[in-house]
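Visitor: here is a sequence with its predicted model. Questions after.
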Amino acid sequence: MAIDVIALEEMYIDACRRHEVSPNSGFLYSLCQAQVKKSQCELCSIEISLDQLNDMNFHPLLEVCYKIGESEIEAVDIRNDSSCALAGENALALMQAINQRLRVVDLQDVSFGKDFLRELSQRGLPCQVLNLRSSHFRKLNMVGEFKLLHALNLDHSTSLTSFREECFSCMPNLIYLSMCETKIANLWTTIAALSKLPSLVELRFQNWLCCNDAGSSGLSDGNGKTNFHQSNSETHSDASTFDLEELIDLTSSTEEAIRNLLPLSINHDFPGINEESSDDSEMDFSFHLQEHGYVDPSSNQPTGWNGQINLQREVSSATLLNRSEEDSHVEDVSLKYISEHASPICFEKHYREYMIASLQQLKVLDNLPIRTMDREMANITFSQHFEYLPYKRKHKESVVNILQKREIKASHNRLQTPKQRPSVSSGKSQYFYTRSLCAAKMGSSAWPFLHPLSISGSTGDESRRFRPRQFEYHPSDSSLMVFGTLDGEVVVVNHEDEKIVSYIPSLGAMNSVLGLCWLKKYPSKLIAGSDNGSLKLYDIRLVPKTVVGMHSGFGSVTFDEFDQLTSVHVNSTDELFLASGYSKNVALYDINSGRRLQVFTEMHREHINVVKFSNHSPSIFATSSFDQDIKLWDLRQNPIKPCYTASSSKGNVMVCFSPDDHYLLASAVDNEVKQLLAVDGRLHLNFEIPATGTSQNYTRSYYMNGRDYIISGSCDEHVVRVCCAQTGRRLRDISLEGKGPGSSMFVQSLRGDPFRDFNLSILAAYTRPSSKSEIVKVNLLASSNSSKEHYPSEISCPSISMGG
């Protein structure tokens, strides 16, 4: 027989007497209210306010909570609206004790700290509605048991940037998820996390308010709260709507009260917290710096964004709401929509279409219903602008399955006579299985493996930390990389075992090393140039690994200086190299004699940031200038007039040839990336990467996997974009995150690994002035869960040709 409410109250008073504490008046009042509800044949529920509890109240209340499952109480709601004296572990113990009678948990986690959040995420809760507004997660990792959870609200969690790989893996019944005004920005990792939610029906990263010419008819109520799943019935007459019975399994007469537990536009004033957060913490307790005029550039928010301003955007109804074929009304055209509390992901190009195409079970996105026509258009947009998997693969496939197919095909071919064997097997190129394996590995995880290069080895100063400013892979040795530092050092490392191979100190001869280039026919030699004009050729065979005393020379060759140098490059025969910098001139040097042969003057109207020789023609080179022009030159014509000129709309940061010299890849300020035909400079492809609107967003782009893909990053953004070099479709975004709260990383330079498909390295700088820049190796074919010991070292040949 169930324990009645009166008996439960007596049990609580008795427990208080035994623990020598006074009964909590708020809990007693809630029990009285439950008795009234029972007498009126309403749902017998109680509400526990954690604000009114402290650790002295804990033990008697815990005893009663264990008995609730045997009582007439049908539902328990737990709320916390302000600072709380109850310890986080005690609050969690109360919730766990209530078990399956727990209905709604509405918390302001600021009261409990990072340990409480971590425990809640790891252990889970048996509640049906979980409200963690303004939580301080940085990387969400909710892997505990949340099997009864139907609705999750993380609105205004302004520290939340991303998801751990296993997040949402134990939420089979989650229907509603809201993450307005977070810092979520990456489409790929977000979809990978959300794809683990099989029951997800309504998703929200922003709150679209509908208004007509007569005025607003938004979704907010008079208290500034927004109902979690309310739609504008006048506008969307056939829109899918969801009753509260879908949210909770209990018949309740308090639907509006529970709806109001899921607000979208509540602002709270938080007390300061002195609790420190370690660098590897998944929570961030560095409070709302925006309130004091500081806007974190890592937020990816558009100009003018801050945590307290409602960003307004006007969009056409055709974009957001495709009217049904049978019920098309003229008045719908006048509808306008205002976005409130948008997360950065909402400003990604084709965000809505990407989400709809990727989450087939979704019915409502950002308050707007998803109709058949919406989904059809989203699928078309997705196919035009995104690559689901590399090399046009349409379906995910396991590595084992691909290897089995390859072995079966190989066995079949061995049984055939040479005449019976087709020259090209079933239309498949020689790269078919290699590319299929790449697609399978990349499709298995949206979280690539990022590994900061940690250099060890004696340089005469064991405590020394390098500050890389430029780097280059070795052209023939897959294990070697050279980087130059802001202090003028040149360091050759084995980037596989992270050991120093050669170390060349500055010795006052160099400032920041901005130009590096290996020789191809003489793989032990390299050219290094610094911003003070110094130019040297080094033979790493003659350079010691350690530095003892003041050495000079190291078998180096010194060239005439090129003042304010920014770029050097060697031609394909290792006979000549070019230098450019903060001038309109380019200098030509002879490597064998060590002499400067000529200075080509007035080649551009502004300074020439980068000069590049072609990979196969020793006399052809290209220049990129901030005068907005890319020019191709031929030394055989004694460069007076360029072969052609191609222009950008902004200053050009850099240019490079594709590995086969078929294309030029030009990168101008603020993500203007174009691929030109090298033969005549005609535009082949505009990658249409969204601009940020800043004039200092210097963009750099390089090829990866031969000329199959390009990688592009900018110094004002913490993301590297991977795009197909033949279609321009985006394959993946790689997000960089700092090691601690308030610390973000941005792209200073990057290179594709010439020996490993879908591997690259990024020279990243932290926003914090005290932090150092570092080289981060990225493996798109390995998961972020991979350990350093499992970092793949196998070499695959670069894929030059197209097709698959």
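Guide: Here it is on my side, so go on.

Visitor: low-confidence ranges, the stretch 251-400 of the chain, go.
Guide: 251-335 (pLDDT under 70).

Visitor: oh sorry, the question was meant for the stretch 601-750 of the chain
Guide: 739-743.

Visitor: can you give me the strands in it?
Guide: Counting by DSSP state E, counting those that start in this stretch, one finds strands in the stretch 601-750 of the chain at the ranges 608-613, 620-625, 629-634, 644-647, 652-657, 663-668, 672-677, 683-686, 699-704, 709-714, 719-724, 730-735, 745-752.

Visitor: can I get the fifth one as PDB, trimmed to CA atoms?
Guide: Read it as strand 652-657. Extracted C-alpha coordinates of strand 652-657, given in PDB (Å, rounded to 0.1, in the frame of the first residue of the first chain):
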ATOM      1  CA  ASN A 652      46.000  39.200 -51.900                       C
ATOM      2  CA  VAL A 653      47.700  37.500 -49.000                       C
ATOM      3  CA  MET A 654      49.200  34.600 -50.900                       C
ATOM      4  CA  VAL A 655      49.300  32.400 -54.000                       C
ATOM      5  CA  CYS A 656      50.500  28.800 -54.700                       C
ATOM      6  CA  PHE A 657      50.600  26.400 -57.600                       C
END
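
Visitor: among the strands of the stretch 601-750 of the chain, which is nearest Tyr589?
Guide: strand 608-613 (11.8 Å; CB to CB). All C-beta atoms are positioned from the backbone trio N, CA, C, and that covers glycine.

Visitor: hmm, who's touching the strand ranked longest in the chain?
Guide: As assigned by DSSP state E, the longest strand anywhere in the chain is strand 774-783. Strand 774-783 is contacted from outside by 165, 438, 441-442, 444-445, 447-453, 468, 471, 481, 483, 495, 720, 722, 732, 734, 736, 745, 756-764, 786, 790-792, using CB atoms under 8 Å, 6 or more residues apart in numbering.

Visitor: average pLDDT for that strand?
Guide: The pLDDT scores in strand 774-783 average 94.

Visitor: what lines up beside it in the sheet?
Guide: strand 448-452 (antiparallel), strand 759-766 (antiparallel) (DSSP bridges).

Visitor: export those to TSV and tack on mean neighbour count, distance to Asp374 and mean pLDDT?
Guide: Shown next, in TSV, are these (neighbours: other CB atoms under 10 Å; distance: least, CB to CB, whole Å; pLDDT from 0 to 100):
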stretch	mean neighbour count	distance to Asp374	mean pLDDT
strand 448-452	19	31	93
strand 759-766	22	35	94
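
Visitor: test my guess that Tyr391 contacts Cys438.
Guide: Yes. Under the criterion of CB atoms under 8 Å, Tyr391 makes contact with Cys438 at 7.0 Å.

Visitor: quick check: Gln361 vs Ser454, distance?
Guide: As judged by CB to CB, to the nearest Å, Gln361 and Ser454 stand 43 Å apart.

Visitor: any quick PyMOL command for the buried ones out of the contacts of strand 774-783?
Guide: For the buried members of the contacts of strand 774-783, the matching PyMOL selection, counting by 16 or more other CB atoms under 10 Å, is:
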select buried, resi 165+438+441+442+445+447+448+449+450+451+453+468+471+481+483+495+720+722+732+734+736+745+756+757+758+759+760+761+762+763+764+786
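
Visitor: please save the CA atoms from stretch 387-400 in PDB.
Guide: Provided in PDB are the C-alpha atoms of stretch 387-400 (Å, rounded to 0.1, in the frame of the first residue of the first chain):
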ATOM      1  CA  GLU A 387      30.400  16.800 -49.500                       C
ATOM      2  CA  TYR A 388      28.900  14.200 -47.200                       C
ATOM      3  CA  LEU A 389      32.100  12.000 -47.500                       C
ATOM      4  CA  PRO A 390      35.300  12.500 -49.400                       C
ATOM      5  CA  TYR A 391      35.600  11.700 -53.100                       C
ATOM      6  CA  LYS A 392      31.900  11.800 -53.700                       C
ATOM      7  CA  ARG A 393      31.200   8.700 -51.700                       C
ATOM      8  CA  LYS A 394      27.400   8.700 -50.800                       C
ATOM      9  CA  HIS A 395      27.200   6.100 -48.000                       C
ATOM     10  CA  LYS A 396      29.200   5.300 -45.000                       C
ATOM     11  CA  GLU A 397      31.000   2.000 -45.200                       C
ATOM     12  CA  SER A 398      33.200   0.100 -42.700                       C
ATOM     13  CA  VAL A 399      36.900  -0.200 -43.200                       C
ATOM     14  CA  VAL A 400      36.600  -4.000 -42.800                       C
END
